[in-house]
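> My questions are about this predicted structure, shown below with the sequence.
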Amino acid sequence: MNVHDNHFCAANPKFLAVVTESSGGGSFLVIPIYKTGRVDPHHPKVCGHQGSVLDIKWNPFRDNILASCSEDCTVRIWEIPDGGLRRNMTEALLVLTGHSRKVGLIEWHPTCSEILFSAGYDGKILLWNLEEGKAVRVFDSHSDVVLCMSFNTDGSLLATSCKDKKLRIMDARSGRVLQEADCKRHRVGRVVFLGNMKRVLTTGVSQWNTRQVALWDQEDLSVPITEEEIDGLSGLLFPFYDTDTHMLYLAGKASASLLHHTKYQGDGNIRYYEVSPEKPYLQYLMEFSSPAPQKGLGVMPKRGMNVGECEVFRFYKLVTLKGLVEPISMIVPRRAEKFQEDIYPMTTGAEAALTGDQWLSGINRGPVLISLKENYKRANPIGPKATKRERRAAAMKGLDLLENVSPKTDNEFLRMFYRQQDELKRLQKELSDKDERIRQLELELHNLKNVTH
């Protein structure tokens, strides 16, 4: 494991950014999110780094601002013009220097737009205040390379996994270690906070070299709440958690040493689970299977979802062997005659809750929430007269969360049966509500006729 195992792909409602191979320096592509088809080999790139780019992340509150880090020991902040690049971009808004070795990870703070964290091969985590353009804190509690960083909902806590086989939960301002686990039985690779559940989930490798997930209480890392073995494949498992639907996605990734072997099938699978605070904690649902190994995955923020299609999650899969970025949409199988409030609760918007100075002074505040109801547009159904091409295009739009894979075991048949029963009950209730509304309107109409007579 090493911090080269990043996603190399980042998305927001305006742009898609993809790290490209470039000799003599690091570069990456930025294209408008709506652009499809082949990208010209001479398409303008962001190419200001002097070494390979190791991580890229969009500012969660400003869709034109992108951060990148590189083997050249720097972190750079870029402003992408609306519509995308017309020429190569070499001048960054900010060049942040402070690491003594290459920088492998960057993470934006989840509630304020001026705070950025970076982790380098020097074992240090730097906290940057971009208003001042300098590092305001240095965390040096790690004895080796930091593999992953994750914030809790309000950004007051930072969870890290490290090559020294330890899982840590830290105060995000001071860097003080609040909890620490020595993971000898479960070698931690990636870590993610599970919303407001006060839990963290890690992926890694067991002592029998099988891929494994573990669930932890963020206030007591002495022993995991539960551990579950996934499979015996090589390569990492990347966890993605959707706070709104309590869904956990485990995405496999091809081992970096095998990605360039054309005969290697790799891991292109994405498993999804429902997370609950009580046993069984992780309820396996289904698996998206693909023979094409994925080098990385970008994720669209929830405010970029196609609400009319009941899309709840969207990946951008980087398929290295084909030079392809493929969108994979997770879609709840129902007809969206109206806005579906149960799968679209209030969610994180594009407005920062705090300034950097406010957060640094000690104020904690959760994200500013918005409703996605304004994004709702009723989907155009593909009718029986649709052409073959239209039906194929509709099928390619997204991946049905339940129907993309046929059930193979008795448990999967039962889960699908019960979910279909739930959907039937929901539709029956909706029909009953409409019948009641019709009766009310008929009564009102009858009363109006009596008044006029």
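Noted; the coordinates are in hand. Every value quoted in this text rests on a predicted model; they were computed, and no experiment measured them. Residues are numbered from 1 along each chain as shown.
> Asp357 and Glu131 touch, don't they?
Yes: here Asp357 reaches Glu131: they are 7.1 Å apart, a contact under CB atoms under 8 Å. (C-beta placed from N, C-alpha, C; glycine too.)
> Show me which residues of stretch 319-331 are buried.
For stretch 319-331, a neighbour-count test (16 or more other CB atoms under 10 Å) marks Val319, Thr320, Val325, Pro327, Ile328, Ser329, Met330, Ile331 as buried.
> can you check stretch 340-349 too?
For stretch 340-349, a neighbour-count test (16+ other CB under 10 Å) marks Gln340, Ile343, Tyr344, Thr347, Thr348, Gly349 as buried.
> circling back: going by distance to Asn209, which of the buried residues of stretch 319-331 wins?
Nearest to Asn209 among the buried residues of stretch 319-331: Thr320, at 24.5 Å, using CB to CB.
> So the closest one sits against Lys295, correct?
Yes: between Thr320 and Lys295 a contact is recorded at 4.1 Å, counting by CB under 8 Å.
> what's the span of stretch 228-235, first residue to last?
One end of stretch 228-235 to the other measures 17 Å (CA to CA, to the nearest Å).
> Quick one: distance of it to the chain centre.
21 Å (CA atoms, centre = their mean, to the nearest Å).
> Sort out for me which of the buried residues of stretch 319-331 are in strands.
Judged by DSSP state E, strands contain the following of the buried residues of stretch 319-331: Val319, Val325, Pro327, Ile328, Ser329, Met330, Ile331.
> and the fifth one, how far is that from Gly323?
Using CB to CB, to the nearest Å, one gets 21 Å for the distance from Ser329 to Gly323.
> Check Asp217 too.
From Asp217 to Gly323 the distance is 43 Å (CB to CB).
> Leu448 too?
Taking CB to CB, one finds Leu448 at 67 Å from Gly323.
> picking that back up, out of the buried residues of stretch 340-349, who's nearest Tyr272?
Nearest to Tyr272 among the buried residues of stretch 340-349: Ile343, at 14.0 Å, using CB to CB.
> in which helix or strand would I find that closest one?
Following DSSP states H and E, one finds Ile343 outside all helices and strands.
> Identify the residues contacting it.
Asp244, Thr245, Cys310, Val312, Val332 (CB atoms under 8 Å, 6 or more residues apart in numbering).
> what's the most distant pair in the residues you listed?
The largest separation in the contacts of Ile343, counting by CB to CB, is between Asp244 and Cys310 at 12.7 Å.
> neighbour-wise, which of those two wins?
Cys310 (22 against 17; other CB atoms under 10 Å).
> Could you measure from the more buried one over to Ile363?
For Cys310 relative to Ile363 (CB to CB), the value is 37 Å.
> With His42 instead?
From His42 to Ile363 the distance is 48 Å (CB to CB).
> Look at the two and report which has more neighbours.
Ile363 (15 against 7).
> List the contacts of the more buried one.
The contact partners of Ile363, taken as CB under 8 Å, 6+ apart, are Leu354.
> Quick check, pLDDT for it.
At Ile363, the model reports a pLDDT of 95.
> Quick check on it: phi, psi?
phi -80, psi 130 (degrees, to the nearest 10).
> before we move on, what about Asn447?
The phi and psi torsions at Asn447 (degrees, to the nearest 10) take the values phi -60, psi -40.
> lowest-pLDDT helix or strand in this structure?
Of all helical and strand segments in the chain, the minimum by mean pLDDT, DSSP states H and E falls on strand 399-400, at a mean of 40.
> show me where the stretch 301-450 of the chain has strands.
311-319, 324-331, 347-348, 369-370, 399-400 (DSSP state E, counting those that start in this stretch).
> starting at the chain centroid, how far to the third one?
When distances are taken as CA atoms, centre = their mean, strand 347-348 is centred 13 Å away from the chain's centroid.
> Tell me which residues are up against that strand.
So strand 347-348 is in contact with 60, 110, 243-244, 301-303, 367-372, going by CB under 8 Å, 6+ apart.
> Sheet partners, orientation included, of that strand?
strand 369-370 (antiparallel) (DSSP bridges).
> can you tell me the average pLDDT over the strand it pairs with?
94.
> how far out from the middle of the chain is that strand?
Remark: strand 369-370 is offset 18 Å from the chain centroid, using CA atoms, centre = their mean.
> List of residues touching it?
With CB under 8 Å, 6+ apart as the test, strand 369-370 has contacts from Arg303, Met346, Thr347, Thr348, Gly349, Ala350, Glu351.
> and what of stretch 424-433?
With CB under 8 Å, 6+ apart as the test, stretch 424-433 has contacts from Arg334.
> Now do the residue positioned nearest the centre of the chain against Gly195, distance only.
Closest residue to the average C-alpha location of the chain: Val299 at 4.3 Å, with CA atoms, centre = their mean. Taking CB to CB as the measure, Val299 falls 15 Å from Gly195.
> ditto for Thr20
34 Å.
> now the chain, which segments are flagged as low pLDDT?
Counting by pLDDT under 70, the chain shows low-confidence ranges at 1-4, 21-25, 254-266, 378-419, 421-422, 452-453.
> Please, where are all the helices along it?
For the chain, the helices defined by DSSP state H cover 356-360, 388-396, 410-452.
> Report the buried residues of the first one.
Read it as helix 356-360. For helix 356-360, using 16+ other CB under 10 Å, the buried residues are Gly356, Gln358, Trp359, Leu360.
> for stretch 36-52, same thing?
Judged by neighbour count (16+ other CB under 10 Å), stretch 36-52 contains these buried residues: Pro44, Lys45, Val46, Cys47, Gly48, His49, Gly51, Ser52.
> that older thread, export the contacts of strand 369-370 to TSV and tack on distance to Val177?
Output for those, formatted as TSV (distance: CB to CB, whole Å):
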residue	distance to Val177
Arg303	34
Met346	33
Thr347	31
Thr348	27
Gly349	32
Ala350	33
Glu351	32
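> just those residues now: which is nearest His186?
Among the contacts of strand 369-370, Thr348 lies closest to His186 (CB to CB), at 30.0 Å.
> Next, find the distance separating the closest one from Ser371.
Thr348 sits 12 Å away from Ser371, going by CB to CB.
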